[in-house]
Structure formats: structure tokens, C-alpha cells
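S.K.: next one to model:
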Amino acid sequence: QRNLSEGNKIITKGNNMKNTFSMICFLILYGCTNQLEIDKIKVDQAFNKTNLPFAVLGASVDKNDPVFYSYGDSNPDAIFEIASMTKAITSTAVMQLVEKGKIDLDSPIEEYLPEINQIKILNKDLSKSERNTPITMRHLLTHTSGFVYFFNSLRVMEDLGISPGGWPQPEIPPQGEYDWGFNGPQPRQIFEAGERWHYGTSLGIAGRVVEKVSGVDLDTYFKENIFEPLGMDRSGYNLSQSIRNDLMPMSMRDASSGALSALPSMRPIPMKRFYGGGGLLSTPNDYTRFLQCLVNGGVLDGVRILSKNSVESFFSNQLPEGMTLKHPLVEAFNRPFDSPQRTVFDEKDTHSYAWTIESNPSERGKRPQGVGAWSGIYNTYYTVDKDRRVVVVAFMQLLPFNDGDAYELYREFEDLVYDSLIK
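M.R.: Now for the predicted structure:
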């Protein structure tokens, strides 16, 4: 069964002189590039090529209402586990506190969170040593802190006693040691801050700094400073049962047959500790509003949540000169560069304070260089283009990450969005 619903088209309401004059000024300033005319038949064809049970694809330009295409039993207000798409929200919270003078990007994290000093560098032989370079918020936001995930570090796997593909149990720290509460292993640092880019738990640590500095937990901070101001009333770590009833089901793809099977949600209910690197629930509609706010300079519907300067740091490379993204241990869920289906991983890209920055001059498709993008492990994806004020989202719910059907559907839809911009 396949159901399709198309969201609101971009419509100018009202026919009085004021609205007419405003539209004339808008067209003079921005031309016609702020209109979307997406080929709906091609969107349908892109979804129908997959065996995905459902998907929500959405796009917006400027501050106009987004257009959504919903397949299966999904819709733009359905609840999704957005995983690492939480990170951009944590980055926004950090920059809000930077603007208030409560966090300095280049001050040692230990000034806000002395517990960080309990973590030593995990060496190749699994011995531990004191760090020489203080970790700063800049290191955390750019994933250059040395903190990694267990699934992308053989060293951490060995330290945890698991094999590649294994899943560790939550660690109980020794008495007197700070419990980071990440619903998994305690964070590991495997190199000195600033040496290289390595995706990991940095934003979880940044979230703990937000809690320490603000005096409230992340769930409360996000609600009061981001979700409620933007009208994102179906987003949070702990949502009411009536809203959680709209949670979309999770699937797992069999590596050999490609078949999908049901996968129970692994999130604790209620969630008691909040991880800044993941764990949020949200909807395509809500998250698109958040991204619209950022591509429009930090303001939406008269509500500003971030300054233009802070937003600019999200859309520009913040890595040291010459450093790019090097993705370790992706062989199990990557595809060759010349595969028919594109892949998330690109070692030519760079990173801002919130997401990756497209930097590959040979990137396949219509995505321009300088555009931001990120994702969640359950195959949720987004693109943010500040220059053209474009947002693209794609929401699915399945493992493993970087699923061929899911990622290529997202990128084909992204191509159609860029094709649709009226020149």
C-alpha cells in the first residue's frame, strides 16, 4: 500500500496593495530563484524504485511553507528517531551560550566541566596517558577533540572487548568516576585534540557543558530556547504518550537478501539522561522549521534564536587548513565511488560547527559546493543551502546507516529540488 500526500505549495496569500508591493520588492531583490516547481512524477518514481516501507521527503526555499511528499503510512508530522541530527541542535545551544558570554570557544573545557580531566588518552597498547593539549569547545564542535565512537575505532572495540559489528553494554564507571550517561560506553579519547577529524561523542560532551553552564538539562534547554520559540511542539527527548503513538516503526535490512524486517526501538522510556549527540525525537515538519531558521540567518517568523555571525560559522569550514574528513572503518556500510547508488562518506569534505561542508569538486549530482549536510544513523538526512535559502530533508527509519535505497532516494530528491529552482 502506498499513500502520497503533497504538502503546501508556495502560495502568496492576499491581493491588497501592500502584499502586491511586497511581492514586487521580493522579486526585484531575489528574482525568481525562490520558487520551487518539483516534478512530482519523478519524486514518485524515485520512491517506487526502492523497497522502503515509507519515507517523507521535504523541501523549502526562503521562508515559504515547505513542500512534503509522504509515502507509505508516514506524514510530515509523524515522529522519527533523528539520532545524530540532534547534533546541530546542540551546536545551536552552544552558540547561544557563546553569544551570552557563558562559553568561550577556545577556553579549556575543564573550566566548565572539570570531570573531563578524569578521561585519559587511550593509547594503541590500551595504556592510558595524560593529555598535553587542552580540549576546547571548538574541538568538540568540529569533531577534532580525539573523542570517537566505539563503532569507528578498533582501539576502542579492543578496549571494550568487542569485535567489529558488536554492540557493547552500557558501562558502569568505577566509584568516584563521573558517569557521562550516554546510554553506552564511557567516552574514549584516542588522540590529542586538534590532530585530525574523527567523528565521535564530542557533541555529547558539549551537551554536558550546556547543562552545566545553563543550569538545566538538555531536554529543558532545547524546549525553552529552540523548540518552543520555533513552534516545534513535537520535538524532544521525552514526548507525551499521545505524541509517541505516532512514532514510525524501525526496520533492519538483511545484508544478503536486501529484505527488511521489523526492529524494536531501543530508546529508554522515559529518558533520564540526555545525549547531545543523539536521542531526540522530531518530525519532518519540525526539523525543517529549525533548518529554515538557520538558512535564513537565525530568524524565522520574527523569532531569532541565533545571530547571523553564529549562523555563518555553521556554513563555513572550521577545520584547520588542509584538514578534511577521514572516515575510518566504513567498509561494512560504504559503497565504491562509482557505484550506481551514491554514498554518505567523502574524504574531501570539510566541517563547520554543525555539519559537513560539501567540498568535493567532483561530487555527483546537483549539490553545489559550500552546502551543508548531515544525517542520523536511522537514515534521516538533510541539506542546508544558505546562499539559495534551500532546505532538503529525507526521513526514513532503518538500519544499517547509509542504506543504498534510502541515501540514493534522498540524493535524487535533492537533485530534483535543485532542478526545480526557477531561473
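
S.K.: and the lowest mean pLDDT element among the helices and strands of the protein?
M.R.: Every helix and strand of the chain was ranked by mean pLDDT, DSSP states H and E. The lowest is helix 17-30, at a mean of 40.

S.K.: now for the following helix or strand past it, which elements pack on it?
M.R.: Counting by DSSP states H and E, the element after helix 17-30 in chain order, helix or strand, is helix 40-48. The helices and strands touching helix 40-48, judged by 3 or more CB pairs under 8 Å, 6 or more residues apart in numbering; DSSP states H and E, are strand 55-61, strand 67-71, helix 404-420. The C-beta positions use only the backbone N, C-alpha and C, and glycine is treated the same way.

S.K.: the next helix or strand after the second one pairs with which strands, and in what direction?
M.R.: What that stands for is strand 67-71. Next helix or strand after strand 67-71 toward the C-terminus (DSSP H and E): strand 80-81. Note on strand 80-81: by DSSP bridges, its sheet partners are strand 281-282 (antiparallel).

S.K.: in JSON lines, list the helices and strands packed on helix 40-48 along with mean pLDDT.
M.R.: Output for the helices and strands packed on helix 40-48, formatted as JSON lines (pLDDT from 0 to 100):
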{"stretch": "strand 55-61", "mean pLDDT": "98"}
{"stretch": "strand 67-71", "mean pLDDT": "98"}
{"stretch": "helix 404-420", "mean pLDDT": "97"}
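
S.K.: closest to residue 312 out of these?
M.R.: When the helices and strands packed on helix 40-48 are compared by CB to CB, strand 55-61 sits nearest residue 312, at 19.6 Å.

S.K.: quick check: closest non-adjacent residue to the residue nearest the centre of the chain.
M.R.: Nearest residue to the geometric centre of the chain (CA atoms, centre = their mean): residue 85, 2.4 Å. Of all residues not flanking residue 85 in the chain, residue 376 sits nearest, at 4.5 Å (CB to CB, 6 or more residues apart in numbering).

S.K.: residue 382 too?
M.R.: For residue 382, the closest residue by CB to CB, 6+ apart turns out to be residue 393, at 4.8 Å.

S.K.: quick check: the gap between the one you found and residue 350.
M.R.: Distance of residue 393 to residue 350, given as CB to CB, to the nearest Å: 22 Å.

S.K.: is the nearest residue to residue 112 once chain neighbours are set aside within a helix or a strand, and which one?
M.R.: Leaving aside its chain neighbours, residue 112 sits nearest to residue 209 (4.9 Å; criterion: CB to CB, 6+ apart). Assessed by DSSP H and E, residue 209 sits inside helix 202-214.

S.K.: before we move on, the earlier item: number of nearby residues for the residue nearest to residue 112?
M.R.: For residue 209, the neighbour count with other CB atoms under 10 Å is 23.

S.K.: also residue 386?
M.R.: Other residues within reach of residue 386 by the criterion other CB under 10 Å amount to 19.

S.K.: try residue 400
M.R.: 14.

S.K.: wait, it touches residue 251, no?
M.R.: No - with contact defined as CB atoms under 8 Å, residue 400 does not reach residue 251; the gap is 10.7 Å.

S.K.: and residue 125, that one's in a helix?
M.R.: No - with DSSP: H, G, I helix; E, B strand; the rest coil as the criterion, residue 125 is located in coil rather than a helix.

S.K.: now it, what are its backbone angles?
M.R.: Reported as degrees, to the nearest 10, the phi and psi values for residue 125 are phi -90, psi 10.

S.K.: same check on residue 304?
M.R.: According to degrees, to the nearest 10, residue 304 has phi -100, psi 130.

S.K.: and if you look at residue 381?
M.R.: The phi/psi pair for residue 381 (degrees, to the nearest 10) reads phi -140, psi 150.

S.K.: same question for the one 4 residues further on.
M.R.: Comment: the main-chain dihedrals of residue 385 come out as phi -130, psi 100, following degrees, to the nearest 10.

S.K.: any idea how far stretch 349-363 is from the chain center?
M.R.: 14 Å (CA atoms, centre = their mean, to the nearest Å).

S.K.: which residues make contact with that stretch from outside it?
M.R.: 87-88, 91-92, 94-95, 141-143, 197, 294, 313-319, 323-325, 346, 348, 367-374, 384 (CB atoms under 8 Å, 6 or more residues apart in numbering).

S.K.: narrow these to those that are buried.
M.R.: The neighbour count (16 or more other CB atoms under 10 Å) marks 87-88, 91-92, 94-95, 141-143, 197, 294, 313-315, 317-319, 323-325, 346, 367, 371-374, 384 as buried among the contacts of stretch 349-363.
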